[in-house]
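Participant: Dropping the sequence and predicted coords here.
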Amino acid sequence: MRILSLVPGSGGTFYCQNCLRDRTMVRALRRLGHDVVMVPLYLPMYGGDTEVDTPAPIFFGGIGAYLREKVPLLRHAPEGLMRLLDAPALLRWAAKQEGSTRSADLGAMTLSMLNGERGGQAAEIDRLVRWITEQERPEVIHVSNALLLGLAPRLREATGAAIVCSLQDEEPWVEGMGAPFTDLVWDAMRRLSGEVALFLSTSRWYADRMRERLGLAEGRVRVVCPGVDPPAAPAWTAPPSPPTVGYLSRVHPAQGFDALLDAFTELRRDPRFGALRLSATGGVTPADRAYVTAVKERLQRGGLADAVEINESFSSAPGAEFFAPLSVLSTPAPDGEAFGLQIVEAMIRGIPAVQPRIAAYPEILEQGGGVLYDPSVPGALAEALGGLLSDPERLRTLGAEARGIALARFSANAAARETLAACGAARELRP
């Protein structure tokens, strides 16, 4: 099957589950013998082990797209001039600016993209369509998220391909825009949902939420859990010493870092956990600098500065250097997530997870491999972590269980096979 996958980049400045999900999927589908072309949008992608070869240039380069919205005259600028703005070094610089990660700053641009040819990016849509129609025509076009659905009408008309759209994390992004853009963006996505043959949600929980948000019939959404490529061996066979709690996500209260830091501080007061360490990575955006500075001052005052490592120079998906020292991983986002790829990244390395019993987390840990706690109970996270860290045998058992579950349910190849089945169905269901 020939599949075209439209994948927005994050510039490699923070842990982006959507970016990793899509790139891992492209690699897995290719391993299964399918012709998959990744088309990068907005910003450069991660490098290193997650890199994916593609013949496509970047479309809707972040700087040019932003300027076309702010300076309408530039919508008619020579294409050569706009291509200069797509230089990778410039785009990586743009990715590090505060506005690139704040949905409140990007409501107008998001709505413009959803308006398609009636929005400010019409010239770039023409360029994308020209490039696609010069290639072998795809049978399926995969759109990474519903915020890109403004491209669907023109792409479907130009290629005849079935449109498949993944669903993950649109809701918090749109809700963060504020009035009037939140309602306008939801309205636009509902209107455009008819262009999609099939939606793929990362969890049952998020499928239910988005069916309601977009007014979709139950048969229009399939659940395809993201997968990861397993390492050759588990991170450890015996729990590491000193014990270390890992955190993998953007370092921000909305992703649960405050909650984890509170639990860590409480555990360190217990003599049993006097050597406990905390290792955090996942990106510190410009908007997070003041918060991280305050966290470091708090740790200094509490005598814990040497026990907590915050990696601020995040540039790619972490590997053994991050996971190998971890006893357990916890990223307790207070509102939960549409999936939680970092949990699976830990589990497939034999590292159990401790997560709140909310959103999609129970679906990942429902068969074992970690501990779920009630986030409404004060101190529950510290209690769950302490109970696990104080029992090396249980920690070892849960780690082995976690790896087995992840290999069986959350491998990249398993996700690719489910995606292929969905793409086949989409060709039959295309509007």
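Facilitator: Received, thanks.
Participant: can you pull the buried residues of stretch 134-150?
Facilitator: 138-150 (16 or more other Cβ atoms under 10 Å). C-betas here are computed from N, CA, C, even on glycine.
Participant: next one: stretch 303-314
Facilitator: Buried, per 16+ other Cβ under 10 Å, within stretch 303-314: 304, 307-308, 310-311, 314.
Participant: first vs last residue of that stretch, how far apart are they?
Facilitator: 25 Å (Cα to Cα, to the nearest Å).
Participant: can you list the residues that contact it?
Facilitator: For stretch 303-314, contacts defined as Cβ atoms under 8 Å, 6 or more residues apart in numbering pick out 12-15, 251, 261, 264-265, 268, 276-284, 292, 295-296, 299, 322.
Participant: quick one, strands of the stretch 151-300 of the chain?
Facilitator: 162-167, 198-201, 221-223, 244-248, 277-281 (DSSP state E, counting those that start in this stretch).
Participant: Redo the ones you listed as CSV? Include mean neighbour count.
Facilitator: Shown next, in CSV, are those (neighbours: other Cβ atoms under 10 Å):
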stretch, mean neighbour count
strand 162-167, 26
strand 198-201, 25
strand 221-223, 19
strand 244-248, 24
strand 277-281, 23
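Participant: so which of those comes closest to L6?
Facilitator: strand 162-167 (9.7 Å; Cβ to Cβ).
Participant: can you list the residues that contact that closest one?
Facilitator: Outside strand 162-167, the residues touching it (Cβ under 8 Å, 6+ apart) are 18, 21-22, 139-146, 148-149, 152, 155-156, 195-202, 206-207, 210, 221, 224, 338, 422-423, 426-427, 429-430.
Participant: Try it again at 7 Å.
Facilitator: 140-146, 149, 152, 155-156, 195-202, 206, 210, 422-423, 426-427, 430 (Cβ atoms under 7 Å, 6 or more residues apart in numbering).
Participant: Let me know the outermost residue of this structure.
Facilitator: P271 (37.2 Å; Cα atoms, centre = their mean).
Participant: separation between it and P378?
Facilitator: 22 Å (Cβ to Cβ, to the nearest Å).
Participant: Repeat that for V36.
Facilitator: With distances taken as Cβ to Cβ, V36 is found 48 Å from P378.
Participant: Out of these two, name the residue with the larger neighbour count.
Facilitator: V36 (22 against 9; other Cβ atoms under 10 Å).
Participant: Give the helix, strand or coil label for the more buried one.
Facilitator: Look at V36: counting by DSSP: H, G, I helix; E, B strand; the rest coil, its state is strand.
Participant: on that earlier part again, could you dump the buried residues of stretch 303-314 to JSON lines with secondary structure and distance to R118?
Facilitator: Below are those laid out as JSON lines (DSSP: H, G, I helix; E, B strand; the rest coil; distance: Cβ to Cβ, whole Å):
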{"residue": "L304", "secondary structure": "coil", "distance to R118": "54"}
{"residue": "A307", "secondary structure": "helix", "distance to R118": "55"}
{"residue": "V308", "secondary structure": "strand", "distance to R118": "50"}
{"residue": "I310", "secondary structure": "strand", "distance to R118": "44"}
{"residue": "N311", "secondary structure": "coil", "distance to R118": "43"}
{"residue": "F314", "secondary structure": "coil", "distance to R118": "37"}
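Participant: Looking at those, spot the one nearest S112.
Facilitator: Using Cβ to Cβ, these come closest to S112 at F314, 29.5 Å.
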